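>>> Sharing a sequence plus its predicted fold:
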Amino acid sequence: MSYPEKKTRVSKLLAKKIEPLFQVIYKFYCRRTHLYSYHGVQVSVPPGIFNPRLSFSSKYLVNFLSKENLNGCSFLEIGSGSGVISLFAAKLGARVTAVDINPLAVTCTRENAESNGLNLEVILSDIFELLPESPFDFIVVNPPYYPKDPKNDIEKAWFCGKNFDFFYRFFSQLKSYLKIDSRTFMVLSEDCEIEEIKRIANMSGFSMEVESEKLIYWEVNYIFLIQPIDAN
C-alpha cells in the first residue's frame, strides 16, 4: 500500500511551494457562499466554514465511507463543518450525530440537512465536552492539525493548539464513546506531525494503524483506524 519514499519526498517539496499559493486562493474563494455537491449530497458553504470543495480530506473520507456498511449504525462526526460527511453517512442510513465548536458550522450543518431531507442531531460542542456519554458504532474526525493556537472559531478548523491540545483532549475522552467493536477513523495528511499525534494516542491507550493511503495531487493522505491498545 505504501508509496515509494522518493514520491513522498517529491510531494513534500511540491507542498512547500504550492501551500502558500493555495492558502491565498482558499481565503479569496471562501469570501462568498458556494454550493458544493458530492456523492448525491449538496451543501451550501458560507464564509467562515471549512469548504470541502478545496479540501482533499473531505472527499477522501466520503469515498472511504462509501465502502462501509453504515445502515442502521450510530455515527458520530467530530467537526462537521458544512456537514457533507455527516449528511453522506445519513444518506447511507446511519443514525448521525454531528458536533462542531463553531456556531456557524452547527447552523450550516442543520440547514444543509434540512435542504437534503435528512435527519441528524447537530450539537454545539468542543469535541466531546457537551456530548452526552453514549457509545457509537462509528466515529470519524477530520481534525485540525497545525500546531498553532487558534485565534477564533474559524481558525479552530485548521489549528490544533501549539501543544496539540485538540489531540490530547480527543484521545483522553474517546473511550467513553466506544463499544467493543466501534470503528474510529481519522484522516490526516503527510503535511502534519503524524508521529507526534501517534505518540499522544499511545499515551491515552490507543493505537493508530493506516487503513487507507492515497496520493492526491502533491500530498499523501491517510485514513487511520484508531483502536484501544488492549483490543489489539
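Yep, that arrived.
>>> measure the most centrally placed residue in the chain to Met186 for me?
In the chain, the C-alpha nearest the mean C-alpha coordinate belongs to Asn142, at 1.2 Å (Cα atoms, centre = their mean). Plainly put, Asn142 is 8 Å away from Met186 if you go by Cβ to Cβ, to the nearest Å. The C-beta positions use only the backbone N, C-alpha and C, and glycine is treated the same way.
>>> go on, Ser66?
18 Å.
>>> Compare neighbour counts for those two and give me the winner.
Applying other Cβ atoms under 10 Å to Ser66 and Met186 shows that Met186 carries more neighbours, namely 23 against 13.
>>> What helices and strands are in contact with the host helix or strand of the more buried one?
Met186 is part of strand 178-189 when elements are defined by DSSP states H and E. Applying 3 or more Cβ pairs under 8 Å, 6 or more residues apart in numbering; DSSP states H and E, one finds that strand 178-189 contacts helix 56-65, strand 136-141, strand 219-228.
>>> which of these sits most buried?
strand 136-141 (a mean of 22; mean count of other Cβ atoms under 10 Å).
>>> where does the protein have its least confident helix or strand?
Ranked by mean pLDDT, DSSP states H and E, the weakest helix or strand in the chain is helix 5-29, scoring a mean of 51.
>>> buried sites along whichever helix or strand comes after that helix?
Downstream of helix 5-29, the first helix or strand assigned by DSSP H and E is strand 34-38. Across strand 34-38, burial judged by 16 or more other Cβ atoms under 10 Å covers His34, Tyr36, Tyr38.
>>> and if you look at stretch 106-118?
Applying 16+ other Cβ under 10 Å to stretch 106-118 flags Val106, Cys108, Thr109, Arg110, Glu111, Asn112, Ala113, Asn116, Leu118 as buried.
>>> So for that stretch, mean pLDDT?
Taken as a whole, stretch 106-118 has an average pLDDT of 97.
>>> What lies in contact with that stretch?
If you take Cβ atoms under 8 Å, 6 or more residues apart in numbering as the criterion, stretch 106-118 is touched by 41-46, 49, 80-84, 86-87, 90-91, 98, 100, 119-120, 122-124.
>>> redo that, cut-off 6 Å
Stretch 106-118 is contacted by residues 41, 43, 49, 80, 82-83, 87, 90, 98, 100, 120, 122, 124 when judged by Cβ atoms under 6 Å, 6 or more residues apart in numbering.
>>> With distance to Phe206 and neighbour count added, can I get these in a markdown table?
Listed next are the contacts of stretch 106-118 as a markdown table, based on distance: Cβ to Cβ, whole Å; neighbours: other Cβ atoms under 10 Å:
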| residue | distance to Phe206 | neighbour count |
| --- | --- | --- |
| Val41 | 30 | 24 |
| Val43 | 31 | 26 |
| Ile49 | 29 | 25 |
| Ser80 | 22 | 31 |
| Ser82 | 28 | 26 |
| Gly83 | 26 | 31 |
| Leu87 | 28 | 28 |
| Ala90 | 27 | 22 |
| Ala98 | 22 | 27 |
| Asp100 | 23 | 30 |
| Leu120 | 26 | 22 |
| Val122 | 26 | 23 |
| Leu124 | 26 | 14 |
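>>> where in the chain is pLDDT low?
For the chain, the stretches with pLDDT under 70 are 1-30, 217, 231-232.
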